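A.B. asks: Structure, please.
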Amino acid sequence: MINFNEVSNAAEIFSVSSLAHEIWNAHYLPIIGQKQIDYMLANFQSEAAITKQVQGNFKYFFAENNNQLVGYFAIVRDCDFSSTQISKIYVSQKYQRCGIGSEMVTFIEAYCASAQHHELWLTVNRLNTQAIHFYQKVGFKKTDCLVQDIGNGFVMDDYKMVKNIKAKTSDAVTIYRTPG
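C.D. replies: The predicted structure is shown next:
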């Protein structure tokens, strides 16, 4: 059984940042190269960056299976447009293709539906065919191409993918909090 825990303290932020380094270095090397990986991890997935995001409007969650950290995701709600962005969604390589990513999306959909949000969206690197295939499998559709300068000579060359969600009053969202 997968448990989703909202990141709420420095130890959890450290764990998520460490997992980000593992996942990004295993997956993104052939897609964006080591220099861009290092830059993006330092600027977007370091302990300091995650702390700042959590103190802002990001909600980070980590996924556990049998007390083992297996993945994480972050969402940002946009109440003005009744939508939620999946800012990050990652599963450790050794746990991919086990249904964890699908469970994450299901959890996020229920979480958004409970807030009366009707649209879920994300961006994904255009060369990340494995992720694009997964997102299409769980109901996302490509809607736009985005190129964003992220500094230091790097760009994010992405597709925007969107999934419409329906509010379901029967969906329950359970968030586990660890002591601390």
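
A.B. asks: low-confidence ranges in the protein?
C.D. replies: 167-180 (pLDDT under 70).

A.B. asks: May I see the buried residues of the helix ranked longest in it?
C.D. replies: Ranked by residue count under DSSP state H, the longest helix found in the chain is helix 10-27. For helix 10-27, the buried set under the neighbour-count rule, 16 or more other CB atoms under 10 Å, comprises 12-13, 15-17, 19-20, 23-24, 27. For glycine as for every other residue, the C-beta is placed from the backbone atoms N, C-alpha and C.

A.B. asks: So which residues of this protein form helices?
C.D. replies: With helices called from DSSP H, the chain shows them at 10-27, 29-32, 34-44, 47-55, 100-114, 129-137.

A.B. asks: Just the residues contacting the third one, thanks.
C.D. replies: In this case it means helix 34-44. Helix 34-44 is touched from outside by 20-21, 24-25, 28-29, 32, 49, 150-152, 154, with contacts defined as CB atoms under 8 Å, 6 or more residues apart in numbering.

A.B. asks: Kindly recompute the last result at 6 Å.
C.D. replies: 21, 24, 28, 152, 154 (CB atoms under 6 Å, 6 or more residues apart in numbering).

A.B. asks: Repeat that for the second one.
C.D. replies: Taking CB under 6 Å, 6+ apart as the criterion, the residues outside helix 29-32 that touch it are 125, 127-128.

A.B. asks: Among those, name the ones in strands.
C.D. replies: residue 125 (DSSP state E).

A.B. asks: out of the contacts of helix 29-32, who has the most neighbours?
C.D. replies: Counting neighbours by other CB atoms under 10 Å, residue 128 leads these with 17 neighbours.

A.B. asks: neighbours around the residue nearest to that residue when sequence neighbours are not counted, how many?
C.D. replies: Excluding its sequence neighbours, the residue lying closest to residue 128 (CB to CB, 6 or more residues apart in numbering) is residue 31, at 5.8 Å. Applying other CB under 10 Å, we find 17 residues neighbouring residue 31.
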